[in-house]
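Trainee: Okay, here's the prediction I keep looking at, along with the sequence it came from:
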Amino acid sequence: MKRIAYYGTWGGKGHFVRPIVGVFTKQEFEAFERIDTPVYHEAMTTDGYAYCQYENFMGYCIPFSADDKRGGCITAIFVEDAKCSADIVQVLEQDARLSFQFWKRRPKISDIPKEVLSHE
């Protein structure tokens, strides 16, 4: 089963990594926490979202929190072995709580279509 981690608020203020499926190492948690750095904040400013890659995890993040209205919030999901945005969409569709966290801007299948990957 694919491991899934969430970064952001979860019903209150404060950002942290929350395992959704699977067990993670301390190093993986620390890597996921790097999403809250100026480079990702800047990347999200342009389009309102950003994708990232850490080893075999694809991440999707937005500069928004469903639980905290203060500026500087980030909500992110990391899905093991995800290859395109459809893989992340599928995970969100299967978990109502995760889906709620991304209500402001859910990933779109057209963000990183499978067709783009098949031509590399």
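Mentor: Cool, got the structure.
Trainee: Ramachandran angles for Lys26?
Mentor: Taking degrees, to the nearest 10, you get phi -60, psi -40 for the backbone angles of Lys26.
Trainee: Contacts for stretch 101-116, please.
Mentor: Residues outside stretch 101-116 that contact it (C-beta atoms under 8 Å, 6 or more residues apart in numbering) are 6, 8, 10, 48-49, 51, 60, 62, 64-67, 75, 77, 83-86, 88-89, 92, 99. The C-beta positions use only the backbone N, C-alpha and C, and glycine is treated the same way.
Trainee: Narrow these to those that are buried.
Mentor: Buried residues within those, counting neighbours by 16 or more other C-beta atoms under 10 Å: 6, 8, 10, 49, 51, 60, 62, 64-66, 75, 77, 84-86, 88-89, 92.
Trainee: just checking, which of those belong to helices?
Mentor: 85-86, 88-89, 92 (DSSP state H).
Trainee: Name the nearest of those residues relative to Glu33.
Mentor: Each of these was scored against Glu33 by C-beta to C-beta, and Ile88 proved nearest at 19.0 Å.
Trainee: Could I get the pLDDT score of the closest one?
Mentor: You'll see Ile88 listed with a pLDDT of 94.
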